[in-house]
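*Asks:* task: produce atomic coordinates for the following.
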Amino acid sequence: MFRPVPMLHVQVQVPGKDAARATRAIASAGMLHLVDIAHGKVAADAAPAGTRELLAAFREIARRVRKVADRLEVALPEPSGRLDGEAVEDFERERREVEGELAPLEQAVEAAARAASDAREGAARAAQALERAARLRAAGLPLPRLLALRFATVRLGSASPDDLATLAAVIAPAPVAIVPLATEGPRVLAAVAVPAGARERLEGALRVTAFESLPLPERAPDWEEGPLLAARAEAEAAEAHARAALAARRPEAAGRLAALARRAQAAVLLLHAQTFFAASGRFVVISGWIPAEAADALRASILAATDGRAVVETERPEDLPHAAADAARIPILHRNPLLLRPFQRLVQLYGTPSYGEVEPTAFFALSFLLMFGVMFGDLGHGLVLFSAGYCLFRYVPRFLDYGILLMEGGAASAAFGVLYGSFFGIEGLLPVVWMEPLADLPRFLTLTAGLGVLLVSAGLLLNVYNSWRSGQRVGALFGPRGLFGALVYWVLLAVLARAFVPTTWVLPTRVLVALLAVPAALLLAKPAIVRRLDRGRPARPPAAATPRWLAALEGSVELVDATFSYFANTLSFLRVAAFAAVHAGVFVALFALADTLARVSFGGDVLSVVSLVAGNALVILLEGLTVSVQVLRLEYYEFFSKFFRGGGEPYRPLMLAAAAGKESHEGEERQTRARAGAGGAAGGAARAAGGPGSDDRPGGVAA
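*Replies:* Numbers count the residues shown, from 1 in each chain. You can find the predicted model right below:
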């Protein structure tokens, strides 16, 4: 839970003719996180010849399959699960076979879809013509006489009265006649007539004014109602016939399209994986990372697929050469319990921990719930949050993580509500077990400052641990964020405590002196400790000599700056008490408003109850969101900034799964909820941060 799953580096060498089989075995296992075998040191064509061209071809085929499925309104299943069917060794032949099956269906569907589209456009044109003809008939326009004009140009259209006046002014000084025909709301249907010689001036004026032209037919019979109705009915019948043809093809085509899509997506996955391979003569080299417990199973699968014609080697991360270890970053897979999975996702918003550092999800979850409960402590509000979370957990698998987070936050809020004696802010209903945020505000501020000291100190100690594990042992002991900086912080805290906290909390003088002696002794012993730590390590290139006084000055300035930042971070936690007091103060204002409304002569009691219910709902929504944001701010900026390094690469195994992860994630959540319901929510386990991604790594298909 505090460390990532141990990884092994796997390198596979197979003959080129067995590359497809080995790739399929790896994808079927769904456990190998591929890396670029060349580590960026060779040209992009290190993959087997023709791989990239075939990859582009299968991606185009997958796009065409989706287009045909969209035409038929067929929902293709998401690519997930094991690779079924026979192993493909000749991808060129597979491409020809898939295209041979797709082309006839594609042509038939495209023809029917094109016919339906043309018919739909024809029906729309007929409907527009009917509408225009109805407008002209309602205006009593003599259409045959208009079409017979030779010495005048007439344009029909609609505009506002002001726009018609503007149109007349633009056409002037040419003769113009604007005849209103009908009023259509704020617009006027009008005929604009000019002499035939002023036609170009009329056209230019129409382009620069807000005049919606109504085109005239070429022949008067073209706008007669009977022929137009017949044309529309014929177009609608043609569209219905084309849609019926598409619907008739749908049942038979659905299965074929699903099979073709799966074959294309599998080929995309396997070919994309091969772009990460390197060709060396007649052999192909595959490199990647795998959880240590799955290495033997993968080796057996590859050997079985290639009839033993493969060499599979594994190495621990610490055994890799430094150059290779730096180029091939170790992917990160954490397996936290179900109850911690939502918090792991929140940690990933900040960054992915590197392989060598501690995984902070458990610390994050504990401190998050503690601060949320302190700031939002109320039994009633906690029960509401818990109930909402349970509904999501039970009935909406898509939001399973949000449901778990709401239940845990609600439980924390309810627990502190019991300690505060608060149930929807009603005084006296519950006894005060611990303290009241408003009545005991000075004590509350002191306790939250102590919480800040605890979290800042925990962050510094975690940084010491991470630095020591990563080999930066001098920094772990003597850096501003190391053990020496933490000791200075604690000593200054003890000195300040003697001046500002009650006498019962003050450290005795002898303890304070002993505490002061520890960093001093550590500083005096620094040269000997550094020599001891550097013994046996590779010699570093000599650096330019820095005067001791200058190095001491730089170190002192850095230490002072870091120490001030620690105290600023500690004071930031006072907002925990401030928000708890605000939460209690809102209840005071809410009940004062309810009392005022209760004194209204007509319906005062009803208004009072409504205001209490609406006010509590608003507090839960708005203040709950605000408190959550504040907790995240304290976690990210005051706690994580002390030790979190990040830069890790999420574990994305080569497997056939939905690239976006939406549908497959829903299925995973259903399974997780089923397991949780059967064996208890606390007993479920989830592989968070281990699913396939949608980036350029072939850990899923985005065909």
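*Asks:* residue most distant from the centroid, this protein?
*Replies:* Farthest-out residue of the chain from its mean C-alpha position, per C-alpha atoms, centre = their mean: Phe151, at 67.7 Å.
*Asks:* nearest residue to that residue in space, ignoring adjacent ones along the chain?
*Replies:* Distance criterion C-beta to C-beta, 6 or more residues apart in numbering; nearest residue to Phe151, sequence neighbours excluded, is Ala196 at 5.3 Å. In short, each C-beta sits where N, CA and C put it, glycine included.
*Asks:* Leu492 too?
*Replies:* Closest to Leu492 by C-beta to C-beta, 6+ apart is Thr563, at 6.6 Å.
*Asks:* helix/strand/coil for the one you found?
*Replies:* What DSSP: H, G, I helix; E, B strand; the rest coil gives for Thr563 is helix.
*Asks:* which residues does it contact?
*Replies:* 480, 485, 488-489, 492 (C-beta atoms under 8 Å, 6 or more residues apart in numbering).
*Asks:* report all helices and strands that the one helix or strand Val495 maps to contacts.
*Replies:* Assigned by DSSP states H and E, Val495 belongs to helix 483-500. Helices and strands touching helix 483-500, by 3 or more C-beta pairs under 8 Å, 6 or more residues apart in numbering; DSSP states H and E, are helix 441-469, helix 473-478, helix 509-524, helix 548-572.
*Asks:* give me that answer again for 6 Å
*Replies:* helix 509-524, helix 548-572 (3 or more C-beta pairs under 6 Å, 6 or more residues apart in numbering; DSSP states H and E).
*Asks:* quick revisit: and for the residue nearest to Phe151, the neighbour number?
*Replies:* Using other C-beta atoms under 10 Å, Ala196 has 10 other residues around it.
*Asks:* any idea how far Ala174 is from it?
*Replies:* 11 Å (C-beta to C-beta, to the nearest Å).
*Asks:* which SS state does Val312 fall under?
*Replies:* Val312 - assigned by three-state DSSP - is strand.
*Asks:* what mean pLDDT does stretch 207-218 have?
*Replies:* Mean pLDDT, stretch 207-218: 80.
*Asks:* next: stretch 104-124.
*Replies:* pLDDT averaged over stretch 104-124 gives 87.
*Asks:* now the strands for the stretch 301-450 of the chain?
*Replies:* Assigned by DSSP state E, counting those that start in this stretch, the stretch 301-450 of the chain shows strands spanning 311-315, 331-332.
*Asks:* starting at the chain centroid, how far to the shortest one?
*Replies:* In this case it means strand 331-332. 19 Å (C-alpha atoms, centre = their mean, to the nearest Å).
*Asks:* what's the answer for stretch 264-280, then?
*Replies:* Using C-alpha atoms, centre = their mean, the offset of stretch 264-280 from its chain centre is 27 Å.
*Asks:* could I get the contacting residues of the spatially closest residue to Thr209 that is not a sequence neighbour?
*Replies:* Of all residues not flanking Thr209 in the chain, Leu167 sits nearest, at 4.7 Å (C-beta to C-beta, 6+ apart). Residues near Leu167 by C-beta atoms under 6 Å, 6 or more residues apart in numbering: 205, 209, 211.
*Asks:* which one of the residues you listed sits closest to Leu260?
*Replies:* Phe211 (52.8 Å; C-beta to C-beta).
*Asks:* pull the contacting residues for that closest one.
*Replies:* Here Phe211 is in contact with 157, 159, 167 (C-beta under 6 Å, 6+ apart).
*Asks:* phi and psi next, for the last one.
*Replies:* Spelled out, it's Leu167. Backbone torsions for Leu167, taken as degrees, to the nearest 10, come to phi -60, psi -40.
*Asks:* so how far is Arg132 from it?
*Replies:* Counting by C-beta to C-beta - Leu167 and Arg132 are separated by 20 Å.
*Asks:* just the second one next, same as before
*Replies:* Distance of Ala159 to Arg132, given as C-beta to C-beta: 16 Å.
*Asks:* so those two - more neighbours on which side?
*Replies:* Each of Ala159 and Arg132 has its neighbours counted (other C-beta under 10 Å); Ala159 has more, 23 against 17.
*Asks:* what's the closest non-adjacent residue to the more buried one?
*Replies:* Phe211 (4.6 Å).
*Asks:* with Gly475 instead?
*Replies:* Closest to Gly475 by C-beta to C-beta, 6+ apart is Ser467, at 5.1 Å.
*Asks:* in space, not sequence, find me the middle residue of this structure.
*Replies:* Geometric middle of the chain (C-alpha atoms, centre = their mean) lands on Leu349, at 8.9 Å.
*Asks:* mind checking pLDDT for that one?
*Replies:* 92.
*Asks:* then Val506?
*Replies:* For Val506, the predicted pLDDT is 66.
*Asks:* Gly693 now?
*Replies:* 40.
*Asks:* cool, the one 4 residues further on as well?
*Replies:* Residue-level confidence at Arg697 comes out at 57, pLDDT.
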